[in-house]
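Trainee: My questions concern the predicted model and sequence given below.
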Amino acid sequence: MKANDCTLGRGRRGVRGTVRLLAGLVAGLVVVGAIAARPNLLLIVADDATWRDFGFTGNAEVKTPNLDRLGREGMQLTGMFTPATTCSPSRHALYTGLYCVRAGAYPNHTRAYEGTRSLFTHLQDAGYRVALQGKEHVSPRRSFPYEHLGPKNADDFEATRGFLTRDAGQPWFLVFASNDPHGPWNRGPAGLHDPAKLTVPPYLHDNPVTRRMLADYYGEINKLDWQVGQLLGLLEATDQVGNTLVVFLSEQGSSFPYGGKWSVYDNGIRVATLARWPGHIAPGSRSAALMQYVDVAPTFLAAAGIDPDAVDPGCPDATGRRGFDGFSFLGVLLGRTDRHRDYVFAQHTTVGINGYREPYPMRAVRDGRYKYIRNLAPQNTYWIGGIHQGEPIRSWQADAANDPKLARRLAWLFKRPAEELYDLDADPYEFSNLAEDPARSEIKDRLRRELEAWMAQQGDQGMITELTARSRQGPGRR
């Protein structure tokens, strides 16, 4: 494929066993086809928030009353995953319905191939008013034809209200892309959390620096929750609750070491997700169905009465076939099925990240229990600015001088083996690598085959793809 366009043929469903197309899903589409009024669509995206760090996901110390309420009024989706571990490729996948390498949007600060079309394009073509408010981080602009609301990095809810009420006869699609809780964690309410009283998660090292930073990070999650409250209040004030599908996504994990960002562990790629659509989604419901960011665009289209299988996302896959990489999970939302995918996939590109020193590409595949990770350059040292310098890593390294267990844990941040395998039922924090366990060899081989098939379908050539990452970034990052 050329470095700047999508002129060659590519396709979908190239990875065997990836999706279960059940009769319940079809039934769900039939139900939506019978809905008289096309719903409004509100997509709320956090910024660098670990999925575990919300009240509705079980962290009672983080104050998220508005999100907790949204969960009570809708469905919690516990099996959602992003296919990338940094903001820009995650958002490209979310809006295009295409995995990152296929669309050309795989390093951070990236851009999709020319000719790629997004959810904004498809809904605008169908008569929707489309807008984005907050963080953008996608390119080229032709592929994402949204109206940008309000000034950058500002909470301008008057601009939001104006967009929601502009034309009562036209359905709308709005992405509210928060800048919170992205670092430096200085925008949340001061003093909301007492560092000394917090429970430090087991994947973080407990010391005063960690506790102080954790309190600031939790405070910024509370600011995100306030924004969600403002949005839900606007829907109520404008009498649009009943005909609006709201989806909340937590994005990839936080920038703590082992908080998730820049890794393909579950802290990095698992996404806290809520969906509310009165009269269609059962209040207080849950589903553990495996799904990915690339499934969101087809789902929104299906909810709007548009057949996702008839939509061309503009960028074919390596097999020459067209169509989304994602599949509508509307049947899950409507309670028609509790199955969606058999496998989810992820990749991480280090080239082009601020402060990176050596290529350290990662690829991963996960089923409902096991995860297989391929580190493509284990001989290199993994080093980027975000987690390998400054705090809290500096204080952790000082403590590790007298703590051999911590020293071994920190070493994992810089160098990992070629293969990793985890039993997520027994080891949810991915502490124990089972890749060399003979009893798990069949599991490892099965997952390896699935990962290799996915990479081939995407046109992912591993290290070659990693080394060309800068060509997929903006001009200032070449």
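Mentor: Nice, I can see it. All figures in this text were calculated on a predicted structure; none of them were measured in a lab. Residues are numbered from 1 along each chain as shown.

Trainee: Which residues are in contact with the most far-flung residue of the chain relative to its centre?
Mentor: For the chain, the C-alpha farthest from the mean C-alpha position belongs to Asn402; by CA atoms, centre = their mean, that distance is 37.2 Å. The contact partners of Asn402, taken as CB atoms under 8 Å, 6 or more residues apart in numbering, number zero. Using the backbone N, CA and C atoms, a C-beta is placed for each residue, glycine as well.

Trainee: Backbone dihedrals for it, please?
Mentor: Torsion angles at Asn402 (phi, psi; degrees, to the nearest 10) stand at phi -120, psi 20.

Trainee: any idea how far Gly162 is from it?
Mentor: As defined by CB to CB, to the nearest Å, Asn402 lies at a distance of 58 Å from Gly162.

Trainee: Now do the nearest residue to Ala426 once chain neighbours are set aside: how many residues are near it, please.
Mentor: Counting by CB to CB, 6 or more residues apart in numbering, Ser432 is the residue found nearest to Ala426 once chain neighbours are left out, at 8.0 Å. Ser432 is flanked by 12 other residues according to other CB atoms under 10 Å.

Trainee: Was I right to think Ser432 contacts Tyr422?
Mentor: Yes. With contacts counted by CB atoms under 8 Å, Ser432 reaches Tyr422, the gap being 7.1 Å.

Trainee: so what's Ala453 scoring on pLDDT?
Mentor: At Ala453, the predicted lDDT confidence score is 98.

Trainee: Check which helix or strand it maps to.
Mentor: helix 441-458 (DSSP states H and E).

Trainee: Mind giving me the packing neighbours of the helix or strand just after that helix?
Mentor: Following helix 441-458 in sequence order, the next helix or strand is helix 463-467 (DSSP H and E). Contacting helix 463-467 under the criterion 3 or more CB pairs under 8 Å, 6 or more residues apart in numbering; DSSP states H and E is no other helix or strand.

Trainee: Now helix 463-467: buried residues?
Mentor: Residues Thr465, Glu466 are the ones in helix 463-467 that count as buried (16 or more other CB atoms under 10 Å).

Trainee: Can you give the contact residues for it?
Mentor: Residues contacting helix 463-467 (CB under 8 Å, 6+ apart): Val101, Tyr106, Thr349, Thr350, Val351, Pro359, Pro361, Leu376, Ala377, Gly459.

Trainee: Neighbouring strands - and their directions - for the helix or strand where Leu43 lies?
Mentor: Under the criterion of DSSP H and E, Leu43 resides in strand 40-45. Paired strands of strand 40-45, with direction, are strand 172-177 (parallel), strand 244-249 (parallel) (DSSP bridges).

Trainee: Now do that strand, average pLDDT.
Mentor: Averaged across strand 40-45, pLDDT comes to 98.

Trainee: Show me what the next helix or strand after that strand is packed up against.
Mentor: Per DSSP H and E, strand 40-45 leads on to helix 65-73 as the next helix or strand towards the C-terminus. Other elements packing on helix 65-73 under the criterion 3+ CB pairs under 8 Å, 6+ apart are helix 208-237, strand 244-249, strand 270-276.

Trainee: Just want to check the distance between Val45 and Gly390.
Mentor: 26 Å.

Trainee: Show me which of these two is the more surrounded one.
Mentor: Each of Val45 and Gly390 has its neighbours counted (other CB under 10 Å); Val45 has more, 26 against 11.

Trainee: Good, we can wrap up now.
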